[in-house]
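Undergrad: Sequence plus the predicted model coming up.
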Amino acid sequence: MPDIQTPKLSTAQLEHERLVSLINSMVDGVVAVDERARVALYNGAALNILDSNSTIQNKSFGSLINLIDANNQPVDIVEVITTTKVATVNRDLRLKYADGSAINLYLSIAPVHLGYGSKGERGYVILMRDISREKSLEEERDEFISVVSHELRTPIAIAEGNISNAEFLVNRGSNLEDIKGALKQAHEQTLFLASLINDLSTLSRADRGVLKVDVEPINVHELVLQLAKSYTPDAERKGLKILTAPSADLELLQSSQLYVREILQNFVTNAIKYTETGHITIGAKPADKGVYIWVEDTGIGISIGDQERIYDKFFRSEDYRTRKNNGTGLGLYVTMKLARLVHAELTTKSRINKGSCFTVYFPNLK
Ligand code: ADP
């Protein structure tokens, strides 16, 4: 058999091959440039980020990338690179593409000895990563913190003001009714704070996916009557009635007692909050492999535009009648999360100034 001669790679070539396969296996875009920021080496991920499908060898890095800073000002990247003395990292840049789209870019620049071409030539290694998703999560988190702290501040300020007023009235020996009035207001704000914290804690558990669904048989007829009973005092305080309409042929529902109740409670408290005259009806009827339960009110109603947004985090209608009531805009968002957990489907029907009807289809989970 004739000898098959496989060409032997020199040590330097082997090293080079290793290096190329190493940088090609990286998920981050890597570009090595020379002293004048011309491309010497790059990987596939860099081509993806730069949205280029041809070779970028020897091209000036500045001609390949259109960057803007946090103040929307264009960045002279060649100037930035060639004046870099020590490794730097930037997370506030945006890379704009020709079609007008943009991504948030993580960009690190490190001066290195490239050791290619003429001896001792210096250069830079640039690392690029699309961090748009992390950035949007960061922005959402910042907005969340700012809205929550704002929502907490107002009731705390009102409660604090009323308590110190009550103290002042006691010291002055004022009449009991004034003192009671101040304490009542402080109490209401404290209850509101408790409900806000409750919503936040349910929300964070739902977001982390740690809420457990314990399926058990639920007597829907009884549940409807219990809900009506427990919310009647709240309704009566506003001169409203709670009616019930459970159909006679309801069967046991297999679902989570806790979440079904919590979902319906959110609808009932909203119905009371956003109804000025009339009544609230809690009804239920059998459905295919489950049950329909609805909460209907004769309240202020929701405009068609707002109906699309009521399940959004922190959304509250601009209607002054909505703003008269305490609210966080989290109730229906939490409701929607809980509904997903028990595979429930929500439908809203509403007419401004006529009233709203929230219907939930709860499927049997076993
Ligand atoms: P909150 O009641 O704390 O504002 P929700 O998430 O429970 O927050 O509701 C979001 C918004 O949907 C409310 O601010 C209100 O504008 C509207 N909404 C909800 N339920 C009703 C209802 N029964 N009638 C009228 N508007 C409603």
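TA: That came in fine, so what should we check first?
Undergrad: Which strands and helices lie in contact with the longest strand anywhere in the chain?
TA: Criterion DSSP state E: the longest strand present in the chain is strand 102-113. Strand 102-113 sits against strand 67-68, strand 88-96, strand 122-130, helix 132-172, with contacts defined as 3 or more C-beta pairs under 8 Å, 6 or more residues apart in numbering; DSSP states H and E. (Each C-beta comes from the backbone N, C-alpha and C, glycine too.)
Undergrad: Quick one: list the elements packing against the shortest one.
TA: Of the remaining helices and strands, those touching strand 67-68 by 3+ C-beta pairs under 8 Å, 6+ apart are strand 88-96, strand 102-113.
Undergrad: before we move on, the earlier item: ok, and what's touching the longest strand of the chain?
TA: The contact list for strand 102-113, computed with C-beta atoms under 8 Å, 6 or more residues apart in numbering, reads 32, 49, 67-68, 80-81, 84-91, 93-97, 120-132, 134-135.
Undergrad: Reformat the helices and strands packed on strand 102-113 as TSV; add mean neighbour count.
TA: Shown next, in TSV, are those (neighbours: other C-beta atoms under 10 Å):
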stretch	mean neighbour count
strand 67-68	18
strand 88-96	15
strand 122-130	20
helix 132-172	13
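Undergrad: Can you convert the ones you listed into CSV and add a column each for distance to the ligand and mean pLDDT?
TA: Output for those, formatted as CSV (distance: least, C-beta to the nearest ligand atom, whole Å; pLDDT from 0 to 100):
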stretch, distance to the ligand, mean pLDDT
strand 67-68, 36, 95
strand 88-96, 33, 93
strand 122-130, 33, 94
helix 132-172, 9, 86
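Undergrad: mind putting these in a markdown table, distance to Asp288 included?
TA: Output for these, formatted as a markdown table (distance: least, C-beta to C-beta, whole Å):
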| stretch | distance to Asp288 |
| --- | --- |
| strand 67-68 | 54 |
| strand 88-96 | 50 |
| strand 122-130 | 45 |
| helix 132-172 | 37 |
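Undergrad: number of nearby residues for Asp319?
TA: Neighbouring residues of Asp319 were enumerated by other C-beta atoms under 10 Å; the total is 15.
Undergrad: from memory it sits against Ile300, does it?
TA: Yes - counting by C-beta atoms under 8 Å, Ile300 is a contact partner of Asp319 at 6.4 Å.
Undergrad: re the thing from before, within its sheet, name the partner strands of the longest strand of the chain and how each one runs.
TA: strand 88-96 (antiparallel), strand 122-130 (antiparallel) (DSSP bridges).
Undergrad: So which of the ones you listed is nearest Asn43?
TA: strand 122-130 (10.1 Å; C-beta to C-beta).
Undergrad: residues in contact with that closest one?
TA: 27-35, 37, 40, 45-46, 49-50, 61, 81-82, 84, 103-114.
Undergrad: what about the chain, any weak spots by pLDDT?
TA: Flagging of the chain using pLDDT under 70 yields the residue ranges 1-7, 114-120.
Undergrad: who in it is up against the ligand?
TA: For the chain, the contact set with the ligand under C-beta under 6 Å from any ligand atom comprises 270-271, 274, 297, 299-302, 310, 315-317, 322, 327-333, 356.
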